[in-house]
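Engineer: Build me a structure from this.
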Amino acid sequence: MRITDISTRRRGLGETEEMGGGKMIRTIVLGVGSFGEKRARAVKESLFGELVGVADADMERAAQVAQRLNVGRFSIDEVFEKETDVMCVATPNKYHTPLTIRALESGKHVLCEKPLSLNAEEVRKMVEASKKTGKFLKMGSNHRYFTSVMRAYEIFKSGELGDIVGFNGRIGNNGERVKESWFWDKEVSGGGTLLDNGCHLIDIARWFMGDFSKVMGVTSNIYWKECPVEDTACGIFVTNNGRMAVISSCWRQMAGYLHFEINGTDGYITVDGRFDTHGGDKVYWQGNGGKTIRCEDFGHIPPNSYVLELDDFYMALQNGRQPEPSGEDGLKIMGMIDAIYKNNGKEVNL
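Structural biologist: Okay, here's the model as predicted:
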């Protein structure tokens, strides 16, 4: 099933209809800060998911979210004994590895928010636990489910662009949301804007181009001078046959900033999301060697990426298919980011 078929299927199904006669997939969300609550609300809105409850180290916050969503409230210690099919881990990065491993070992499939953990070594433990338990691990990647990005991928898969030659992208936000929060604490976050924002575009670049074999990048602090992690980063990623993806991220962009371009042998495409539309962006493309520049504007479509991602995740589980991006994908992305952090300014073979 194509990614864009998810939206079509949602329009054709009633809100309470189950997929293919199968049971609804019971889900508990671990960590209900701002993003965790978004995940929990998306489960409630999904066609195939049933939100059993939420858990958080802060029991008062868990109780407030549980009350708003009319679901159960659990402590972190008790949640692994609950009857559920899926756990969605949306805590600060430091806790992703231990919570994900406990969830997998308790017999649950896991959707873990990006980045999968602090570094590749920690992610590898998660991937190994997934293999050992036979349970699926998926990295959260809601940017794949922006309507504009899904449309760009559909155009690419149609063959209009020919073979991909290169990728150039920029992403970020104004930094105010993460200012002086746990995102600034390297012990908890693992890194700054490259890990927070850049991983989205690295994932999208791999989705279009495949694996990379070489990386060079730099990080710096340009605006948030007191921030212990980088507020600006740029990476150059090279495939075995020399194709390049150039990706930059920054915590001093416009809020919700996203823009990327893809050059092909027969065409060109750009996703323009520079103005905080979160998926309601414009897509421009030129294909099949022609000169006509076409445009589709998705500004009228309300943001729905978290729900679409969960629908696709649940459909994969229903069909016994590995959800994407997988834990292995997350491990490769983390390895690319680690290479920049450890070798700032130096070229590294992956």
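Engineer: can you pull out the helices in this protein?
Structural biologist: 5-12, 34-45, 59-69, 76-79, 96-105, 120-133, 147-157, 186-189, 193, 199-209, 305-318, 327-342 (DSSP state H).
Engineer: shaky segments in the stretch 251-350 of the chain?
Structural biologist: Scanning the stretch 251-350 of the chain for pLDDT under 70 picks out the ranges 276-280.
Engineer: let's see it at 90
Structural biologist: 253-257, 273-281, 289-291, 299-303, 344-350 (pLDDT under 90).
Engineer: Can you lay out the helices of the chain as a markdown table showing distance to Val238 and mean neighbour count?
Structural biologist: Where C-beta positions appear, they are placed from N, C-alpha and C, glycine not excepted. Formatted as a markdown table, the helices of the chain follow (distance: least, CB to CB, whole Å; neighbours: other CB atoms under 10 Å):
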| stretch | distance to Val238 | mean neighbour count |
| --- | --- | --- |
| helix 5-12 | 32 | 13 |
| helix 34-45 | 32 | 19 |
| helix 59-69 | 44 | 16 |
| helix 76-79 | 42 | 16 |
| helix 96-105 | 28 | 22 |
| helix 120-133 | 19 | 18 |
| helix 147-157 | 20 | 21 |
| helix 186-189 | 27 | 16 |
| helix 193 | 22 | 28 |
| helix 199-209 | 10 | 23 |
| helix 305-318 | 29 | 22 |
| helix 327-342 | 11 | 22 |
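Engineer: closest one to Gly267 among those helices?
Structural biologist: With CB to CB as the measure, helix 147-157 is the member of the helices of the chain nearest Gly267 (8.3 Å).
Engineer: coming back round to it: comparing the helices of the chain by mean pLDDT, which bottoms out?
Structural biologist: Among these, helix 5-12 carries the lowest mean pLDDT, at a mean of 49.
Engineer: beta partners of Ser326?
Structural biologist: Bridge pairing for Ser326 (DSSP bridges) gives the partners Lys138.
Engineer: How about the contacts made by the residue most central in space within the chain?
Structural biologist: In the chain, the centroid-proximal residue (CA atoms, centre = their mean) is Ser141; its distance is 1.6 Å. Counting by CB atoms under 8 Å, 6 or more residues apart in numbering, Ser141 touches Lys114, His200, Asp203, Glu309, Pro325.
Engineer: Find the nearest non-adjacent residue to the last one, please.
Structural biologist: In this case it means Pro325. Closest residue to Pro325 apart from its sequence neighbours, by CB to CB, 6 or more residues apart in numbering: Met139 at 4.8 Å.
Engineer: what about the one you found, how many neighbours?
Structural biologist: 27 (other CB atoms under 10 Å).
Engineer: do you know how far it is from Met59?
Structural biologist: Counting by CB to CB, to the nearest Å, the gap from Met139 to Met59 is 28 Å.
Engineer: and if you look at Gly191?
Structural biologist: Taken as CB to CB, the span from Gly191 to Met59 is 29 Å.
Engineer: Contacts for stretch 29-44 next, please.
Structural biologist: Contacts for stretch 29-44 (CB under 8 Å, 6+ apart): 27, 49-51, 53-56, 61-62, 65, 69, 71, 76, 79, 87-92, 95, 99, 103, 111, 113, 140, 306-307, 309-310.
Engineer: Restricting to C-alpha, output that stretch in PDB.
Structural biologist: What follows is stretch 29-44, C-alpha atoms only, in PDB (Å, rounded to 0.1, in the frame of the first residue of the first chain):
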ATOM      1  CA  VAL A  29       1.800   6.200  25.700                       C
ATOM      2  CA  LEU A  30       4.800   6.500  27.900                       C
ATOM      3  CA  GLY A  31       5.700  10.200  28.600                       C
ATOM      4  CA  VAL A  32       3.000  12.800  28.200                       C
ATOM      5  CA  GLY A  33       4.800  16.100  27.800                       C
ATOM      6  CA  SER A  34       3.700  18.200  24.800                       C
ATOM      7  CA  PHE A  35       4.800  15.700  22.200                       C
ATOM      8  CA  GLY A  36       3.600  12.600  24.200                       C
ATOM      9  CA  GLU A  37       0.100  14.200  24.600                       C
ATOM     10  CA  LYS A  38       0.100  14.700  20.800                       C
ATOM     11  CA  ARG A  39       0.900  11.100  20.300                       C
ATOM     12  CA  ALA A  40      -1.900  10.100  22.800                       C
ATOM     13  CA  ARG A  41      -4.400  12.300  21.000                       C
ATOM     14  CA  ALA A  42      -3.400  10.800  17.700                       C
ATOM     15  CA  VAL A  43      -4.100   7.300  19.000                       C
ATOM     16  CA  LYS A  44      -7.600   8.400  20.000                       C
END
